[in-house]
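S.K.: Provided below for reference: sequence and predicted model.
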Amino acid sequence: MSDSADDRTYVVTGAASGIGEATTHYLRERGGRVIACDLHHADVIGDLTTIEGRAAMVEGVSRLSGGRIDAIVANAGGGPPETSLQLNFFGAVATLEGLRPLLAESAAPRAVAVSSIASLRPDAGFIEACLTMDENNALAHARTVVASRTATRTHHNPLPDAVQLPLDLYGNAKHALQRWCRRVAVRSEWAGAGIPLNAVALGFFKTPAAAYVLSDPQSNAAMAQMTPLSGAYPGGAEEAAAILAWCVSAQNSQMTGQILFVDAGFECLARGERAW
């Protein structure tokens, strides 16, 4: 079977709004078949914060696809702090691992996970707890991290504590996801099976999830100062969709295990040459 844009089957999680909705539209507009997954307004309904919901998502996609897909966009993320770790790390990993067998018959299988620039402030203990893949232990560690950050919070930050603490939890979950992608991308079940797996760490885009910054003049101005690429902040959701679509296209035949920062220069300004 040919794997042109017209006959590729994509799975997009978190497809009902924001980046996921834009990506679904982008792929469908170009002739791709998209199986949209979310909590509502989707082809497959499943709550990725729970083991049962993750299983329901995999079962639903398997049924609708006939057991064969070409690409996974593990986009679902965000959510309240109470379920942030469950969704942004364990839910994303369950999506990628649960759907990976369905890529086996594709001539050009691809996968991408959506991450965030919030991943740039990791807590090492938190990350290691996630990477043991023990969800209960990781949740216990997360509670410890939140309590510690609350006790030692400084005020040299453009974001209020009510925003920063959930963002810390979210960011650590996304950092763990990036580490997991790097770890498994070169293994036999991914690279050995010819499946490029990458992560895209997004900056601020005009979506409901970014409203906590974009709608607050002080926070918005502070973030704008931290994005050096003129005219690029905030990005449009369709711009993020285009990057994700390329990552899961047949044209991406060489890149795997990479963390791409799509953020108008935020990461480069923050880390400079130290990353290399």
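M.R.: Good, I have the coordinates.
S.K.: Need the three-state assignment for residue 72.
M.R.: Secondary structure assignment for residue 72 (DSSP: H, G, I helix; E, B strand; the rest coil): strand.
S.K.: Measure how far the helix or strand residue 97 falls within is from the centre of its chain, please.
M.R.: Take DSSP states H and E as the rule and residue 97 turns out to sit in helix 92-99. Helix 92-99 sits 12 Å away from the centroid of its parent chain (C-alpha atoms, centre = their mean, to the nearest Å).
S.K.: Offset the numbering so it begins at 102, please.
M.R.: Right, with 102 as the first residue, what we last looked at is helix 193-200.
S.K.: Run the chain-centre distance for the helix or strand following that helix.
M.R.: Heading C-terminal from helix 193-200, the first helix or strand you meet, by DSSP H and E, is strand 211-217. In terms of C-alpha atoms, centre = their mean, the centre of strand 211-217 is found 5 Å from the chain centre.
S.K.: same deal with stretch 110-125?
M.R.: With C-alpha atoms, centre = their mean, you get 11 Å for stretch 110-125.
S.K.: Same check on stretch 147-154?
M.R.: 16 Å.
S.K.: Could you do stretch 135-143 as well?
M.R.: With C-alpha atoms, centre = their mean, you get 16 Å for stretch 135-143.
S.K.: Residues contacting it, please?
M.R.: 110-118, 121, 125, 128-129, 144-148, 158, 161-162, 165-166, 170, 177 (C-beta atoms under 8 Å, 6 or more residues apart in numbering). Where you see a C-beta, it was placed from the backbone N, CA and C, and this is true even at glycine.
S.K.: Could you pull up the mean pLDDT of that stretch?
M.R.: If you average the pLDDT over stretch 135-143, you get 98.
S.K.: Any buried residues in it, and which?
M.R.: 135-140, 143 (16 or more other C-beta atoms under 10 Å).
S.K.: what's the most distant pair in the residues you listed?
M.R.: The most widely separated members of the buried residues of stretch 135-143, counting by C-beta to C-beta, are 135 and 140 (16.8 Å).
S.K.: residues contacting residue 117?
M.R.: 137, 139-143.
S.K.: excluding its backbone neighbours, what's nearest it?
M.R.: residue 139 (3.9 Å; C-beta to C-beta, 6 or more residues apart in numbering).
S.K.: Quick one: the helices in the chain, in order.
M.R.: Counting by DSSP state H, the segments of the chain that form helices are 119-130, 152-166, 185-186, 193-200, 225-232, 236-253, 262-286, 312-315, 318-326, 338-348, 367-372.
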